[in-house]
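K.L.:
Whatever this is, show me its structure:
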Amino acid sequence: MKAITEDLLVDIQNLVVDKRWWEATYRHRQNWVGEVLGEHRRRVAFIPPAPGDVEGLMQGVLQYISRSLKGTSNVVASTAAAAFGFVYIHPFMDGNGRIHRFLIRYMLENGGFTPRNMIIPVSAGMLADLEGYEDALGVFSRALMQEAKYTWAGDEPEVKGNIPRFYRYLDATSQTEYLYLYSAIERAVSTGLAQEIEYLIATDKARQEIGRFLDLPSKELDLLIRLVADQPGRLSQAKRQNHFAELTDEEVGKVEAIVHESFRAYEKLKGQPPPQAA
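P.N.:
Residues are numbered from 1 along each chain as shown. This next block holds a predicted model:
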């Protein structure tokens with residue numbers, strides 16, 4: 001079992017995002033989650049801790065992962081606390097969601113929940129129930145945003161006050177329930193490995209083809225692909241105005257055609273009835 005370290009997380013971040021967004025360490029800038037609505041207008045959903053607090057908080061997460069995998073704690077509860085703790089800290093400017101899902105798989109396998117060399121397609125389970133996933137994330141983020149104080153310095157917020165205390169004593173009950181009892185694992189198993197594999201293949205194919213003519217940050221490109229695939233094959237006017245108003249009609253048409261073709265096999269597989277129990 002390879003230990004999770006900052007260097008390993010940096011290596012993973014460099015693998016999952018475009019080279020332009022590679023980072024050599026944890027972030028030294030303030031990131032935030034939300035929408036830019038116009039000049040000087042933003043809808044802020046969540047603000048992670050200040051850059052100066054990231055390293056100390058991440059040391060706690062990594063120590064917790066190491067202790068959990070050596071002890072007798074419930075594997076799913078430990079997985080939820082570690083993986084959601086990571087994504088709340090948001091230690092990189094880009095790629096946090098994908099590393100978060102990697103940590104879920106890593107913890108489940110190395111904690112003995114998942115048989116060795118078997119992958120539970122948790123990502124597919126989350127994508128199939130985005131509302132449930134966002135609700136699980138929101139239990140912590142909504143409470144934090146009631147306490148968080150920040151001001152804007154140009155395009156970046158500046159966090160005020162002793163925010164790290166909220167991260168150090170995370171209550172991951174709701175996230176554990178989501179991961180184990182209600183959604184992600186059960187849904188992942190029931191949807192089957194085949195759908196997960198086809199979805200990942202389709203997404204990767206679409207990402208490569210669209211990247212040939214459209215220069216977008218990795219997370220924006222993934223969002224664009226998902227929005228078109230969910231229709232399927234069309235980018236709704238509302239989603240286009242909210243997220244991709246800068247794209248031309250020609251670019252949207254090419255994206256829709258690529259996603260439609262890339263996801264053909266996945267849509268066919270998804271439309272088949274689930275296998276019946278013997």
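
K.L.:
Alpha carbons only: can I get stretch 27-34 in CSV?
P.N.:
Below are the C-alpha coordinates for stretch 27-34, written out as CSV (Å, rounded to 0.1, in the frame of the first residue of the first chain):
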residue,chain,number,x,y,z
ARG,A,27,-2.4,26.0,-3.3
HIS,A,28,-1.0,29.4,-2.3
ARG,A,29,-4.1,31.3,-3.5
GLN,A,30,-7.6,31.5,-2.2
ASN,A,31,-10.2,29.5,-4.2
TRP,A,32,-13.9,29.5,-3.9
VAL,A,33,-16.9,27.6,-5.3
GLY,A,34,-19.8,29.4,-7.0
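
K.L.:
what separates it from the chain centre, distance-wise?
P.N.:
Put simply, stretch 27-34 sits 15 Å off its chain's centre (C-alpha atoms, centre = their mean, to the nearest Å).

K.L.:
Give me the contacts around it.
P.N.:
Residues from elsewhere that reach stretch 27-34, judged by C-beta atoms under 8 Å, 6 or more residues apart in numbering: 42-48, 50-51, 54, 90-93, 141, 156-159. The C-beta positions use only the backbone N, C-alpha and C, and glycine is treated the same way.

K.L.:
For ChimeraX, what selects the buried ones among the residues you listed?
P.N.:
Selecting only the buried entries of the contacts of stretch 27-34 in ChimeraX, with 16 or more other C-beta atoms under 10 Å as the criterion:
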select :46,47,48,50,51,54,90,91,92,93,141,157,159
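
K.L.:
Show me the strands in the protein, by range?
P.N.:
33-38, 41-46, 149-153, 156-160 (DSSP state E).

K.L.:
could you redo those as TSV and give each row distance to residue 171?
P.N.:
Formatted as TSV, the strands of the chain follow (distance: least, C-beta to C-beta, whole Å):
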stretch	distance to residue 171
strand 33-38	20
strand 41-46	17
strand 149-153	21
strand 156-160	21
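
K.L.:
And these: which comes nearest residue 20?
P.N.:
Counting by C-beta to C-beta, residue 20 lies closest to strand 156-160 out of the strands of the chain; the figure is 18.6 Å.

K.L.:
Neighbouring strands of that closest one in the sheet, and parallel or not?
P.N.:
strand 149-153 (antiparallel) (DSSP bridges).

K.L.:
Show me which residues of the strand it pairs with are buried.
P.N.:
residue 150.

K.L.:
quick one: it to strand 41-46, angle?
P.N.:
140 degrees (axes from the mean of the first three to the mean of the last three C-alpha atoms, to 10 degrees).

K.L.:
average model confidence for strand 149-153?
P.N.:
For strand 149-153, mean pLDDT is 84.

K.L.:
For this protein, which helix or strand comes out least confident on mean pLDDT?
P.N.:
helix 184-191 (a mean of 56; mean pLDDT, DSSP states H and E).

K.L.:
for the stretch 151-278 of the chain, which spans come out with low pLDDT?
P.N.:
181-194, 196, 269-278 (pLDDT under 70).

K.L.:
how deep is the residue nearest to residue 207 when sequence neighbours are not counted tucked in, by neighbour count?
P.N.:
Spatial nearest neighbour of residue 207, excluding adjacent residues (C-beta to C-beta, 6 or more residues apart in numbering): residue 221 at 6.1 Å. Residue 221 sits with 19 neighbouring residues when counted by other C-beta atoms under 10 Å.

K.L.:
Wait, residue 221 touches residue 210, no?
P.N.:
Yes: counting by C-beta atoms under 8 Å, residue 221 touches residue 210, with 6.5 Å between them.

K.L.:
Pull the contacting residues for the residue nearest to the spatial centre of the chain.
P.N.:
Central residue of the chain (C-alpha atoms, centre = their mean): residue 97, 2.2 Å from the mean position. Contacts for residue 97 were tallied using C-beta under 8 Å, 6+ apart; they are 87, 219.

K.L.:
For residue 150, see how far away it is.
P.N.:
From residue 97 over to residue 150 the distance is 22 Å, taken as C-beta to C-beta, to the nearest Å.

K.L.:
Check residue 26 too.
P.N.:
19 Å.

K.L.:
quick one, helices of the stretch 101-250 of the chain?
P.N.:
122-128, 130-147, 164-168, 173-176, 184-191, 193-211, 218-230, 237-243, 249-262 (DSSP state H, counting those that start in this stretch).
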